[in-house]
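Trainee: Requesting a structural model of the entry that follows:
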Amino acid sequence: MSVLTSLKLITGKRPVSASPIVLRRNKMANKIAEQLALCEAQKSGEQYQPKVTRTYTNKQTGERMTVDTVKRVRQWFYISPEGKINLTLKYGSKVLPLNKKGANAIELASGDELIATLKNLQTAVLNGDLDEAINEVSEMTRNSFKK
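Mentor: Numbers count the residues shown, from 1 in each chain. Got it, this is the predicted structure:
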């Protein structure tokens with residue numbers, strides 16, 4: 001009992017779920033991390049192939065099977081006709097608006113600048129700088145399902 005008396009004991013309750021804003025931030029930060037890993041793999045001349053576990057039912061036997069497959073990660077960046085790299089941020093399949101004027105891409109000069117920008121964007125997302133844009137796209141997606 002002497003060990004317990006030396007500790008600060010409290011009545012704690014674990015939260016059931018995080019707020020929707022935090023969940024959206026984490027989702028966006030994870031997707032930016034995937035893009036960052038994709039860029040770094042391309043820079044070193046490798047292929048980025050993350051594994052994902054998929055479960056399916058065998059049609060002939062009815063047995064559920066689990067298989068590790070390669071997850072397809074689509075690039076958020078492309079080369080413009082001028083030779084610059086354009087980076088768009090996506091939440092789901094929708095492109096995020098980056099300002100009120102309608103800009104939706106970031107123009108970059110090199111791959112190193114792309115990697116640095118993705119790292120900065122990941123920090124900005126976790127700090128809540130893109131919450132308004134993420135919420136706007138999320139609302140549009142949610143409203144498209146309503147009749």
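Trainee: When you work out contacts or count neighbours from here on, use the C-alpha atoms and nothing else.
Mentor: Fine.
Trainee: Could you look up the next helix or strand downstream of the helix-or-strand element of the chain with minimal mean pLDDT?
Mentor: The weakest-scoring helix or strand in the chain, judged by mean pLDDT, DSSP states H and E, is helix 2-5 (a mean of 82). Where DSSP states H and E defines the elements, the next helix or strand beyond helix 2-5 is helix 20-43.
Trainee: Tell me which residues are up against that next one.
Mentor: With C-alpha atoms under 8 Å, 6 or more residues apart in numbering as the test, helix 20-43 has contacts from 47-48, 73, 75-76, 91, 111, 114-115, 118-119, 121-122, 125-126, 128, 131, 134.
Trainee: repeat for stretch 86-94
Mentor: Contacts of stretch 86-94 (C-alpha under 8 Å, 6+ apart): 28, 76-80, 95-96, 104-108, 114, 134, 137-138.
Trainee: In helices, which of the residues you listed fall?
Mentor: 28, 114, 134, 137, 138 (DSSP state H).
Trainee: Now for the third one, how many residues are close by?
Mentor: Spelled out, that is residue 134. The number of residues packed near residue 134 is 26, by other C-alpha atoms under 10 Å.
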